[in-house]
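Undergrad: Here you go, sequence then predicted model.
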Amino acid sequence: MAISRPLVLLFCFALVGWASASSSADQEAARDTCSALVGADVLSDVRIVSAELVPAGVDGPAHCAVSGVIETEIKFEVLLPDAWNGRFMMGGGGGFVGTVQNQALNSARAGGMNGHALERGYATAGTDTGHQGTGIEGAWALNDPERQQNYGYRAVHLTVVAAKAIIREYYDQDSDYSYFLGCSNGGRQAMMESQRYPDDFDGIVAGAPAFNWTGTAAGFVRNQQAIFPDGDLAAPVLTPAALSLVSAAIDDSCDLLDGVDDGILADPRECGFNADSLPQCIAGSRQADCLTAAQLTAIKTIWEGPVLDGRRLFAGFPFGGEDEPGWAGWVVESEQNRARGVPNAQYAFGTEIAKYFVFSDPLWDYTRYDLAMWPDDTAQAGAVLNATDTDLTAYRDAGGKIIYWTGWSDPALSALGLISYYETLREEDSTVQEYARLFALPGVLHCGDGPGPDRVDWIDAISSWVEEDDAPDRLVSAKVDEGNAVAITRPVCPYPMVATYTGSGSTAAEENFVCEVPD
């Protein structure tokens, strides 16, 4: 029997109306469930101050955004997606934090080309670590041990506990898996979690970690003593011309060691460049095609690291990237940093750590300090800030997996420092490859950028390892152009292997490289 067209249309309209009403009812129910979190007694020391349903948009899918306070001043945010994948991923915070931050929401850094944690359905969280600030200022820590401890390790752990309780309250079930992803100070937070709270996360990604804050600060202070030796912050010894000269000399000497003419060193340690081979100016002169004695001393200081009386306080920086903008911003000077009242970020963090965590003296003067006293002076601050413990037995035995990664050309946190940590880890535990792996990305700056391919899907790498036992034996990194299209891909190999060109095919395609241990 044929059905008339008017009846078909009437039936369709009825279906649309029913679907619309159903969708509206679902949205209203979701809104009620979300808003009900305000005032919910999830934990005795956690106060939820807001919970709002956020519709899908450019920043991600529909979700419930929860804000709250732990204890007296640790602020946090938890995002609960409507289409939850049953997993939790916390994101770290950079610098001294000071605002609620969540690095798992950075698609370029966390998910490569495949979206950030919330876009993939993860419930996710971030914290300000218990204080408010710009991220480069440490005055909030002056004579305040509680804030220092919150920043050092407590706030992240307490946020994890609070976030898991909120997830349980909202979804009426626990997460199947929990992850942490962070870079820079967020990488330090990641390593701290593996060392102090091994049961918090099943998988951790620690990128370019500031894991040894006091050792890093020693290098920062020593570098500034060489770059601004007389305390005149308006006149750095190193100039853009000097850095360009240095970078060009290194490229001429070492770029082709990996078989590819691309201005990128696959492993800078293979480069036997001698700083004394750089053209040196006649005493008393300063020209663009040579280095003054002070400039040569400064560049050597940066490469060598803080070594005093035969004692190495921390790693120096490897060759590469000296003419990249990152070096200006971190090591010498940039307009952005000048606008914030400092010449560069190394100066900011090095002196702020000293003033507010080590000496409790806002007037502390880097030009008058003898770094030979640094290990003793920083022992107390290091116990709070540093994530240098290489005994990961508890994390390993809990079934945890951790990925460390860094850029070889990072001007903020030396790749050599993280490599030294990982090599000690390998020496102390022969099973380390089963639960911890390190990746060093050639030509990549701090947490990304630079001439090298910097986008890796760390979210997929760690979740595949944890959930499918698919160990990251070879990952793929990508470099995108201004239109966000992939221009170059390269393999990322677990340390100590490096990506080596096979000798044929495009050097912009990862399939033409193999992972192998250098001779």
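TA: Perfect, I can see it now.
Undergrad: which other residues reach the helix or strand hosting residue 78?
TA: Following DSSP states H and E, one finds residue 78 within strand 74-81. With CB atoms under 8 Å, 6 or more residues apart in numbering as the test, strand 74-81 has contacts from 34, 60-70, 100, 102, 118, 121-130, 150, 154-155, 158-159, 162-163, 166-167, 170-171. Heads up, the C-betas are built off the backbone N, CA and C, glycines and all.
Undergrad: Point me to the helix or strand that includes residue 476.
TA: strand 475-480.
Undergrad: rewinding a little: quick one: strands adjacent to the strand holding residue 78?
TA: Strand pairing for strand 74-81, determined by DSSP bridges: strand 63-70 (antiparallel), strand 123-127 (antiparallel).
Undergrad: what about residue 509, neighbour count?
TA: A count of nearby residues for residue 509, using other CB atoms under 10 Å, gives 11.
Undergrad: Show the contacting residues for it.
TA: Counting by CB under 8 Å, 6+ apart, residue 509 has contacts residue 489.
Undergrad: how close does it sit to residue 249?
TA: 30 Å (CB to CB, to the nearest Å).
Undergrad: likewise residue 408?
TA: 18 Å.
Undergrad: Please apply the same query to residue 174.
TA: From residue 174 to residue 249 the distance is 57 Å (CB to CB).
Undergrad: Which residue is the nearest non-sequential neighbour of the residue nearest the centre of the chain?
TA: Compute the mean C-alpha point of the chain, and by CA atoms, centre = their mean the closest residue is residue 183, 1.0 Å away. Among residues not flanking residue 183 along the chain, residue 207 sits closest, at 3.5 Å (CB to CB, 6 or more residues apart in numbering).
Undergrad: about what we covered before: between residue 408 and residue 249, point out the one with more neighbours.
TA: A direct count of neighbours by other CB under 10 Å for residue 408 and residue 249 places residue 408 higher, at 28 against 19.
Undergrad: didn't the more buried one look like it was pressed against residue 265?
TA: Yes. Checked against CB atoms under 8 Å, the pair residue 408 and residue 265 is within contact range at 6.6 Å.
Undergrad: Quick check: neighbours shared by these two?
TA: The contact lists of residue 408 and residue 265 share 318, 320, 442-443, where a contact means CB under 8 Å, 6+ apart.
Undergrad: which of those residues has the most neighbours?
TA: residue 320 (31 neighbours).
Undergrad: Now do the same contact list for it.
TA: 250, 264-265, 268, 408-409, 443.
Undergrad: Name the nearest of those relative to residue 432.
TA: residue 408 (21.1 Å; CB to CB).
Undergrad: Run through the protein and note the low-pLDDT ranges.
TA: 1-28 (pLDDT under 70).
Undergrad: Tell me which stretches of the stretch 151-300 of the chain form strands.
TA: 177-183, 203-207 (DSSP state E, counting those that start in this stretch).
Undergrad: Mind listing what's buried along the last one?
TA: Counting neighbours by 16 or more other CB atoms under 10 Å, one finds that the buried residues in strand 203-207 are 203-207.
Undergrad: Send me the host helix or strand of residue 148 as CSV with only the CA atoms.
TA: Element membership for residue 148 (DSSP H and E) is helix 145-149. This file holds the C-alpha atoms of helix 145-149, laid out as CSV (Å, rounded to 0.1, in the frame of the first residue of the first chain):
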residue,chain,number,x,y,z
PRO,A,145,57.7,27.0,52.7
GLU,A,146,54.2,25.9,52.1
ARG,A,147,53.9,27.7,48.7
GLN,A,148,57.4,26.3,47.8
GLN,A,149,56.3,22.8,48.6
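Undergrad: May I see the buried residues of that helix?
TA: Buried residues in helix 145-149 (16+ other CB under 10 Å): 147-148.
Undergrad: i'd like the first residue to be 52 from this point on
TA: With the count now opening at 52, the last piece we talked about shows up as helix 196-200.
Undergrad: Can you name the element that comes right after the strand or helix carrying residue 473?
TA: Element membership of residue 473 [criterion: DSSP H and E] is helix 466-479. Counting by DSSP H and E, the next helix or strand C-terminal to helix 466-479 is strand 487-492.
Undergrad: outside of that following strand, which residues touch it?
TA: 318, 443, 447, 452-459, 466, 469-470, 473, 476, 503-505, 507, 522-523, 526, 528, 543-546.
Undergrad: Neighbouring strands of the next helix or strand along the chain from it in the sheet, and parallel or not?
TA: On the C-terminal side of strand 487-492, the nearest following helix or strand under DSSP H and E is strand 506-507. According to DSSP bridges, strand 506-507 has the following sheet partners: strand 526-531 (antiparallel).
Undergrad: Just the CA trace of the strand it pairs with, in CSV.
TA: Provided in CSV are the C-alpha atoms of strand 526-531 (Å, rounded to 0.1, in the frame of the first residue of the first chain):
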residue,chain,number,x,y,z
LEU,A,526,57.9,7.4,16.4
VAL,A,527,57.3,9.9,13.7
SER,A,528,57.9,13.7,14.0
ALA,A,529,56.6,16.3,11.6
LYS,A,530,57.4,19.8,10.6
VAL,A,531,54.5,22.0,9.4
